[in-house]
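From the sequence below, what's the structure:
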Amino acid sequence: MTPDHFAMHNRDNRTIGKVIIGDGRPLLIFTGLILILSGLLVIAQSLSGHFLPHDTEFIGLSASELWKYNEGRINLFMFHDRVAFGGSIIAVGALYMWLTEFPLRNGEPWAWFLLLISGIVGFGSFLTYLGYGYLDSWHGLSTLLLLPFFILGMVRSYTLLDNKSFKDLLGQSEKINLKTRYGLGKALLLFTSLGLVAGGLTIMTVGMTTVFVPQDLAFMKITVCGLDEVNENLIPLIAHDRASFGGGVATIGLLFFFSIRRAKATINLRQIVFIAMTAGFGCAVGVHFVVGYTDLIHLLPAYAGMVICYLGLILWRKNDSNGQ
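From the prediction side, this is the model:
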């Protein structure tokens, strides 16, 4: 090393903040990581059998006190909603990290715009909670703390884009040929993605209106009026949980649809689809067997989604240049 190079090496005047922020991607990866950790925390909290302090304060009952009603089925129903929500945000966090590290790193505009839209849907879904009569202060605070990292990461990473056209998101990487295994697999995955969007929006709509489907009330062995008699704040609390889960499912579907439609079927994309789908479906379906809520009609859409998804993933792999 020459004296000039040595001098330049020792005049590195970068700030710590600039190193951490970088091109914005570290902040977006951090956002994804926090979402994954939050999902794990939600699941761990549910497994503990306790409510969060603000939940207990809102309904005026501890988990053990509520367990005395209907053989604890109300608790189990709330547990199943929260574990499913935990799995959904783990999936979203994993997809955020993949989008940031792979297509966005390569300057692909569609990845940036997908993060933008999904962020608006995901963070914006918190506002729907206000319509349920229950403001989750912990969830609200964590959302407000995470939002600046996401926004700053998006602003900084905008400079990475090869072009700034939103139309790049609406294109497709290739035409789908349903006569090939590869094309059929991709079509099945896209179909699953749209099903997740529709399912998530349906869950949110039900939460904003009736809150429950008949199978829910049958599992809890109670009526809506009966829940009000137990505690008038139970329904708003449960509706809040449903909104969280519905928003998570819709966001997953959105991320899957455009990632699968727009990106090449690289091994890392197939891996992240498998990881995210397993986290989402694994928690959403698996928890039903843990709590004993195994109504076939209720679970049939999830079963169908799982089968179609994994079948599509198996087929969506090119063995040769023709995708046969």
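
Could I get the phi/psi values of residue 221?
phi 50, psi 50 (degrees, to the nearest 10).

For the residue lying closest to it once chain neighbours are set aside, give me its contacts.
Excluding the flanking residues, the one nearest residue 221 by C-beta to C-beta, 6 or more residues apart in numbering is residue 70, at 5.2 Å. Any C-beta I mention is one placed from the backbone N, CA and C, and that applies to glycine too. The contact partners of residue 70, by C-beta atoms under 8 Å, 6 or more residues apart in numbering, come to 220, 221, 222.

swap the cut-off to 10 Å and go again
Taking C-beta atoms under 10 Å, 6 or more residues apart in numbering as the criterion, residue 70 is in contact with 76, 77, 219, 220, 221, 222, 226, 227, 230.

same check, this time on residue 226
Here residue 226 is in contact with 69, 70, 74, 217, 220, 234 (C-beta under 10 Å, 6+ apart).

which one of those residues sits closest to residue 124?
residue 234 (25.9 Å; C-beta to C-beta).

How many neighbouring residues does residue 294 have?
By other C-beta atoms under 10 Å, the residues close to residue 294 number 10.

That one sits in which helix or strand?
In the assignment (DSSP states H and E), residue 294 maps to no helix and no strand.

Ok, residue 75 next?
With DSSP H and E as the test, residue 75 turns up in helix 73-101.

State the distance from residue 206 to residue 60.
Residue 206 sits 26 Å away from residue 60, going by C-beta to C-beta, to the nearest Å.

Show me which of these two is the more surrounded one.
residue 206 (17 against 10).

Surely that one touches residue 246?
Yes - at 8.0 Å, residue 206 counts as touching residue 246 under the criterion of C-beta atoms under 10 Å.

List the buried residues of stretch 190-209.
Neighbour counts over stretch 190-209 (16 or more other C-beta atoms under 10 Å) mark 190, 192, 193, 195, 196, 197, 199, 200, 203, 204, 206, 207 as buried.

Let's see which of these end up in strands.
Among those, no residue falls in strands (DSSP state E).

Any chance of JSON lines for these, columns distance to residue 34 and pLDDT?
Listed next are these as JSON lines, based on distance: C-beta to C-beta, whole Å; pLDDT from 0 to 100:
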{"residue": "190", "distance to residue 34": "29", "pLDDT": "97"}
{"residue": "192", "distance to residue 34": "26", "pLDDT": "96"}
{"residue": "193", "distance to residue 34": "24", "pLDDT": "97"}
{"residue": "195", "distance to residue 34": "28", "pLDDT": "95"}
{"residue": "196", "distance to residue 34": "22", "pLDDT": "95"}
{"residue": "197", "distance to residue 34": "24", "pLDDT": "94"}
{"residue": "199", "distance to residue 34": "25", "pLDDT": "92"}
{"residue": "200", "distance to residue 34": "21", "pLDDT": "91"}
{"residue": "203", "distance to residue 34": "23", "pLDDT": "86"}
{"residue": "204", "distance to residue 34": "23", "pLDDT": "81"}
{"residue": "206", "distance to residue 34": "28", "pLDDT": "80"}
{"residue": "207", "distance to residue 34": "25", "pLDDT": "70"}
